[in-house]
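Chemist: Provide a 3D model corresponding to the input given below.
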Amino acid sequence: MIIKLERITLQTRKHNEAIDITAKVDNVVRTSGVKNGLVNILTTHTSSGLLVTEGIPCLEEDILTHLSRLFPEDVDYHHRRYLDYDGRLGFNAEAHLKSVVGGISCTFPVENGEVVRGSRQAVYFMEYDGPLERTYLVQVLGD
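Modeler: Below is the predicted model of the structure:
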């Protein structure tokens, strides 16, 4: 069995942003040596996420717009206070909530060395608290 883990760093450019990482995931799978197995993608941050949806710009904007409507920045969240356990001010509750709702990982089968997904599915790294340098993991497992 082959197990390959790749840590990928990216620099986000906006406070809220959808970045298509499909090609990068495909490349990791192709170079992993795995012919049949699974690929799992995971963000390492609690104020970002991963989404799988149709890869078109208008849908990217719709997702970001509606998540911002669900979780506006100017609400009096419980998280928006001094956090004595780590000595910092909590200010980004809406980013954490977007991450919880949207999810932090996704998994696809790998068959014949290629990711198996729907013809319109794209994998997005979702920035909810940027711009920041971010890391996500791509792990490929199989034979």
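
Chemist: point to the residue nearest the middle of this protein.
Modeler: The chain has L50 as the residue nearest its centroid, 2.5 Å off, counting by Cα atoms, centre = their mean.

Chemist: need phi/psi at it.
Modeler: phi -130, psi 140 (degrees, to the nearest 10).

Chemist: from memory it sits against Y128, does it?
Modeler: No - counting by Cβ atoms under 8 Å, L50 does not reach Y128; the two are 11.5 Å apart. Glycine gets a C-beta too; all of them are placed from N, C-alpha and C.

Chemist: which residues touch the longest helix out of those in the chain?
Modeler: Criterion DSSP state H: the longest helix present in the chain is helix 57-70. Residues outside helix 57-70 that contact it (Cβ atoms under 8 Å, 6 or more residues apart in numbering): 16-18, 51, 53, 94, 97-98, 101-102, 124, 126, 128.

Chemist: report the buried residues of that helix.
Modeler: For helix 57-70, the neighbour count (16 or more other Cβ atoms under 10 Å) marks 60, 63-64, 67 as buried.

Chemist: stretch 99-106 too?
Modeler: Under the neighbour-count criterion of 16+ other Cβ under 10 Å, stretch 99-106 has 99, 102, 104, 106 buried.

Chemist: sheet partners, orientation included, of whichever strand or helix holds the last one?
Modeler: Just to be clear, that refers to C106. Assigned by DSSP states H and E, C106 falls within strand 105-111. Take DSSP bridges as the rule and strand 105-111 pairs in its sheet with strand 37-43 (antiparallel), strand 114-115 (antiparallel).

Chemist: in a markdown table: those, plus mean neighbour count and mean pLDDT.
Modeler: Output for those, formatted as a markdown table (neighbours: other Cβ atoms under 10 Å; pLDDT from 0 to 100):
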| stretch | mean neighbour count | mean pLDDT |
| --- | --- | --- |
| strand 37-43 | 19 | 98 |
| strand 114-115 | 16 | 98 |
